[in-house]
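**Student:** build me a model:
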Amino acid sequence: MLRPIGRPLAGLVLWSLWGWPALADKPSPPSANPPPAKHTLRYKFRPGETLKWQMEQRLDVETTISGNTLTTEAFTGQVKVWRIKEVAADGSATLENSVEEVDMRQKLSGRAEVRYNSRTDKRAPLGFENVAQSIGVPLSRVQVDAQGKVLKREHLLGSRLHSQLTVLLPDQPVAVGETWTVPGEVAVPTADKMIKKIKTLQTCTLLDVVDGVATIRVATQVLTPIRDPAVEIQTVNLETAGTVRLDIPAGRILAQRMDADKTVFGFSGAASSYRYREQFAEKLLDAKSAVAETKPQAPPFKPAGPDKKAPEGETKADQSEPKLLGAAKKAAQADKKPADSANQAADAPRPLPGNAQAAKRLEAIVPEPKRPGGTRR
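**Tutor:** The predicted structure follows:
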């Protein structure tokens, strides 16, 4: 005999009407993981303000051709100055960029070290005259927005490079761990006197924020495939990685450190190699608006591991390497007396050092240091 089902169903209906709503009315427990805090990163400028940074760059270049090796060690220290002329309502500013002082040293294998210090030397040595003339005078007038984007640039003296002025900040507020990217492009001259455009990508990550100071990891990579080693060696200074410390309330960079270490094989025959190592450090000197900083110290270069070897079976590269390397090749094959190198295209990467006639190569560092990174920005 079948049992009647009407009464149980009625009880179920009453439970659904009275019991369940009572359970639904209870407040839900608070989330165990609240959303992370977002930080708005912006540069902040004040009319009439003067900002100064101490910058140091160390280069170590080793060129090997047919078993002969030429080494170049270079150091550049300078005080970079920004004088804020105007600030618009949207936070963008017009500033004049200059260099207050420089300390430069360069040592080639088999030759005496060449030095120039603008504070102590009355006359610049041969090859550094243009650098000496650039000290203490406006080099460029730049309009930059609160994210660091260059809106307008007027060259007053020195280099005509259109490099990034400082690390670019994100459009939107970011939380610790979030990233933003900055695409870029540089033009590199080839052996046949053509221009090859190289695309780059800078990736920035907010690592942490402590006491109002943001630490940002910045890494730049080359996206364009490069199959010609003679072109590749002109991009070795583009691939850098390091950190930037930004004072969020004051809206300015306190310090940054960038490193590069890259080796290219086969730019002038299968037995040729070119190793480029760079260390760049910067710290704010204006203590009134920044957290106290110690002077950046770039330690001596330490190879990450055993020297790389050229792949087996590599074919001999095109013998008509760019003019940039002509001096290094002649010095390595003959009496190691470096010769002048040709000028690069206006938007090419910073020229590589390699001889005692250092003005044109190191001059590019003095007027408008390249970074994001580095910034040299």
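**Student:** so, low pLDDT: which residues of the chain?
**Tutor:** Scanning the chain for pLDDT under 70 picks out the ranges 1-32, 158-163, 286-377.
**Student:** how about the strands in the stretch 101-250 of the chain?
**Tutor:** 114-117, 140-144, 150-155, 179-189, 195-210, 213-222, 241-247 (DSSP state E, counting those that start in this stretch).
**Student:** out of those, which is closest to Gly67?
**Tutor:** Evaluated over the strands of the stretch 101-250 of the chain, closeness to Gly67 peaks at strand 114-117, with 26.7 Å, by CB to CB. Where C-beta positions appear, they are placed from N, C-alpha and C, glycine not excepted.
**Student:** only the buried residues of that closest one, if you could.
**Tutor:** 114, 116 (16 or more other CB atoms under 10 Å).
**Student:** for stretch 45-61, list every residue counted as buried.
**Tutor:** Across stretch 45-61, burial judged by 16+ other CB under 10 Å covers 45, 49, 51-61.
**Student:** from these, which land in strands?
**Tutor:** If you go by DSSP state E, these have 51-61 in strands.
**Student:** in the chain, where's the longest strand?
**Tutor:** Looking across the chain with DSSP E, the single longest strand is strand 68-87.
**Student:** buried stuff in stretch 266-274?
**Tutor:** 266-269, 272-274.
**Student:** report the two of those residues separated the most.
**Tutor:** For the buried residues of stretch 266-274, and using CB to CB, no pair is farther apart than Gly269 and Tyr274, which are 11.9 Å apart.
**Student:** hmm, back to that, in a markdown table, list the strands of the stretch 101-250 of the chain along with distance to Glu129.
**Tutor:** Listed next are these as a markdown table, based on distance: least, CB to CB, whole Å:
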| stretch | distance to Glu129 |
| --- | --- |
| strand 114-117 | 10 |
| strand 140-144 | 20 |
| strand 150-155 | 19 |
| strand 179-189 | 25 |
| strand 195-210 | 30 |
| strand 213-222 | 33 |
| strand 241-247 | 32 |
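**Student:** for Lys262, find the nearest of those.
**Tutor:** strand 213-222 (9.8 Å).
**Student:** hang on, the earlier thing: how about the ones in strands among the buried residues of stretch 45-61 in CSV, adding distance to Asp208?
**Tutor:** Output for these, formatted as CSV (distance: CB to CB, whole Å):
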residue, distance to Asp208
Leu51, 24
Lys52, 26
Trp53, 22
Gln54, 24
Met55, 24
Glu56, 25
Gln57, 26
Arg58, 27
Leu59, 30
Asp60, 31
Val61, 34
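**Student:** farthest-separated two in these?
**Tutor:** Farthest pair in those, by CB to CB: Leu51 and Val61, 31.3 Å.
**Student:** isn't Thr263 right up against Glu239?
**Tutor:** No: the pair Thr263 / Glu239 is not scored as a contact, 11.5 Å apart, by CB atoms under 8 Å.
**Student:** the helices in this protein, which residues?
**Tutor:** Taking DSSP state H as the test, the helices found in the chain are 6-14, 20-24, 129-133, 229-232, 326-333, 359-363.
**Student:** tell me the contacts of Ser118?
**Tutor:** Ser118 makes contacts with 101-103, 131-132, 135, as judged by CB atoms under 8 Å, 6 or more residues apart in numbering.
**Student:** distance of it relative to Thr76?
**Tutor:** Note on Ser118: its distance to Thr76, by CB to CB, to the nearest Å, is 12 Å.
**Student:** overlap in contacts of the two?
**Tutor:** What both Ser118 and Thr76 touch, as defined by CB under 8 Å, 6+ apart, is the set 102-103.
**Student:** count the neighbours of Leu165 for me.
**Tutor:** 25 (other CB atoms under 10 Å).
**Student:** now do the buried residues in stretch 226-234.
**Tutor:** Neighbour counts over stretch 226-234 (16+ other CB under 10 Å) mark 226, 228-234 as buried.
**Student:** now tabulate those in CSV and tack on distance to Ala191.
**Tutor:** Output for the buried residues of stretch 226-234, formatted as CSV (distance: CB to CB, whole Å):
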residue, distance to Ala191
Ile226, 13
Asp228, 8
Pro229, 11
Ala230, 6
Val231, 8
Glu232, 12
Ile233, 12
Gln234, 11
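**Student:** just grab the bridge partners of the closest residue to Thr179 other than its chain neighbours for me.
**Tutor:** By the measure of CB to CB, 6 or more residues apart in numbering, the closest residue to Thr179 outside its immediate chain neighbours is Thr205, 4.6 Å from it. Following DSSP bridges, Thr205 is listed with bridge partners Thr179, Arg217.
**Student:** what sits against Ile84?
**Tutor:** 45-51, 93-95.
**Student:** kindly recompute the last result at 10 Å.
**Tutor:** Taking CB atoms under 10 Å, 6 or more residues apart in numbering as the criterion, Ile84 is in contact with 45-51, 93-96.
**Student:** would you mind measuring from it to Glu96?
**Tutor:** For Ile84, the distance to Glu96 equals 9 Å [CB to CB].
**Student:** list residues touching both of these two?
**Tutor:** Contacts common to Ile84 and Glu96, judged by CB under 10 Å, 6+ apart, are Thr50.
**Student:** one step back: which of the contacts of Ser118 lies closest to Lys122?
**Tutor:** Set against Lys122, the nearest of the contacts of Ser118 by CB to CB is Ala132 (9.7 Å).
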